[in-house]
Every structure is written in C-alpha cells, then in structure tokens.
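Colleague: please work out how this folds:
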Amino acid sequence: MAHIIIKTATAPLRSADSESSEMVSQLLLGETAEVLETKERWVRVRCSHDKYEGWLSITQIHELTEQEVTGWVAYGLSSRSTNRLFKAVNSRGDVLLVPFGSVIHEPEPGLLKFPFGEFIATEQRAPEKRSFLEMARFFSGAPYLWGGRSELGIDCSGFVQVLYQAMGVQIPRDASQQIHAKECHSIKLEDAEPGDLIYFSFDGKNVVHVGIYIGDGLLIHASGDVHIDNLDASKRKTSPFAFNERLSKHICGVQRLGALQITND
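Modeller: Numbering: from 1, shown residues only. Okay, here's the model as predicted:
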C-alpha cells in the first residue's frame, strides 16, 4: 500500500472528498499516512501516528518511495520540531512554513531535508531543549479551530496530542480516546500535578474537553483560543487568571501519562 508525506505546513484531514466537507483533524508538515483509497484529486488515508482516517487533497502530499517509507515513517513517529513556527526556503525561492510539531530531518543546523526536497531555515532558532510547560505556552493565543493541530489553529485534544508527541509520547487524537490511554488516578483537582491531563464532561457520560494542568489550580487549554484559566474556587479572588466555574464543576478525570521534563528546574 502506498504512503504519503505532507509537504505543506498543515493539511486538512476531511470527512469526505470535498473542500467543503468537515475537517476532522489535521496533518502537520512531514507527517505520513497510508493510502487506503484514491478518488480523482483526493486520497483516503490512515495516519501513521494515530491511525485516524480521512481524506486529503493531492495538492498537499508527496508519495513516498518504498525506501522512503522504511526510513521516514519510523523516523516521524519519534522526531518532532519543538521550535515555534518558522520559515524555510528552497533553491527556487519557495517558502515553507514549519509549525511546532512538524516532522523534520535537520542533518546540519538550518538545513531541512525532506523526501520532496531541501530547504534552508531563514531565521535563527533557539536550542531545541525545552520543558513541557514552556512548549505549552508557545501556543498561547492560538485561535481555536475544530480539527486543528498547529499554532495557526488548534482544538483542545489536538493541543494535547501535539505537545505529548513533542515529548515522544504517542496518544490518540480525540479527548474521548485520550482518556482511555491510561487509567485516570483521580477526579479531584487537588490530586493533579503539573503536566497531568484534566478531562471534562458536562453530561456525566461523554468526555468533551481536555487541558493540561500547570500547577497552582491553573489549566492551559484551547477554548476560543489557547489560554490559562483558574479552576480553584479558593483562589478566584487572588489568582491573576479568570476563574472558570463551568469547568471547575465538571472534571471527570485526572490522568498522568508518564514522567516528563515538566519544568526547566
């Protein structure tokens, strides 16, 4: 079965073979997928990193050779850019946007090599080693976009997935799937530690929202945009962040997926 790689900053994964169909998720630059079906200028794919399925436009993909599949797909499951969005350019002057979470191969500083060509970064970037919470704050102000997974637009579960992938932890795409990645150890805010995922349900049955606990009663999450809310009622008058009463009352799970470099300390 053929495999493809994304050759643009982001590529909408749609529910049907039409530009007007719902975007159910999004693939980032360098991510790969297995082709399940071809229909005119569309391919139905299964994503390599989370097995999500949907339709991609052929204008945003590059077909991998058998040799490239062997190397790049495995590489892409473990290597992610942890830089903020930056630009790169090829020898023809074509500009490539490289969002956080992209799969890139940089054999030497500034040189980005993809199966579809080589690009040179046009700006200096900070060293790659960063803490989990520092990277989470990169997304502050990013607009909410259903199905989005980049600083250009992101949803709550996409925000969580991309950050954990940057730390080498593969988790499912949707909040309703992510909560089952590992058993939750609590449903109480006071049991959460920085880096834990907090899940929310408004009907007591369906998990519809997820965010990242950053300590001191605070949650960073994508809702309208990526921002920080206070969930601790006892700090509603002292915290510089707005108290989100609705979320504070509807926590349905606190989950710790593993040891991460949460801070730079």
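
Colleague: what's in contact with the helix or strand where Gln177 lies?
Modeller: Gln177 is part of helix 175-178 when elements are defined by DSSP states H and E. Contact with helix 175-178 is made by 156-157, 160-161, 171-172, 197, 199, 206-210, 255, as judged by Cβ atoms under 8 Å, 6 or more residues apart in numbering. (Each C-beta comes from the backbone N, C-alpha and C, glycine too.)

Colleague: out of those, which one has the lowest pLDDT?
Modeller: When those are compared on pLDDT, Ile171 comes out least confident, at 93.

Colleague: can I take it that it is in a strand?
Modeller: No - checked against DSSP: H, G, I helix; E, B strand; the rest coil, Ile171 lies outside a strand; its state is coil.

Colleague: roughly how far does it sit from Thr82?
Modeller: 17 Å (Cβ to Cβ, to the nearest Å).

Colleague: returning to what we had before: of the contacts of helix 175-178, closest to Pro115?
Modeller: For these, the minimum distance to Pro115 (Cβ to Cβ) is 23.7 Å, reached by Gln161.

Colleague: elements contacting the helix or strand encompassing the closest one?
Modeller: In this assignment (DSSP H and E), Gln161 forms part of helix 156-166. Here helix 156-166 touches strand 23-28, helix 132-138, strand 149-150, helix 175-178, strand 209-215, strand 218-223, going by 3 or more Cβ pairs under 8 Å, 6 or more residues apart in numbering; DSSP states H and E.

Colleague: could you rerun that using 7 Å?
Modeller: Using 3 or more Cβ pairs under 7 Å, 6 or more residues apart in numbering; DSSP states H and E, the elements in contact with helix 156-166 are helix 132-138, strand 149-150, helix 175-178, strand 209-215, strand 218-223.

Colleague: following element in sequence after the last one, please.
Modeller: If you walk from strand 218-223 toward the C-terminus, the next helix or strand you reach (DSSP H and E) is strand 225-230.

Colleague: list the buried residues in that next one.
Modeller: 226-230 (16 or more other Cβ atoms under 10 Å).

Colleague: so Tyr144 is in contact with Ser223, correct?
Modeller: Yes - between Tyr144 and Ser223 there is a contact at 6.4 Å, judged by Cβ atoms under 7 Å.

Colleague: for the nearest residue to Ala88 once chain neighbours are set aside, pull up the helix or strand it's in.
Modeller: Of all residues not flanking Ala88 in the chain, Phe119 sits nearest, at 3.7 Å (Cβ to Cβ, 6 or more residues apart in numbering). Per DSSP H and E, Phe119 falls inside strand 117-121.

Colleague: tell me what that strand is packed against?
Modeller: On the basis of 3+ Cβ pairs under 7 Å, 6+ apart, strand 117-121 makes packing contacts with strand 86-89, strand 111-114.

Colleague: name the helix or strand of this structure that has the lowest mean pLDDT.
Modeller: helix 74-76 (a mean of 65; mean pLDDT, DSSP states H and E).

Colleague: show me the shaky parts of the stretch 151-265 of the chain.
Modeller: 259-265 (pLDDT under 70).

Colleague: in the stretch 1-150 of the chain, where is pLDDT below threshold?
Modeller: Ranges of the stretch 1-150 of the chain meeting pLDDT under 70: 1, 74-78, 127-128.
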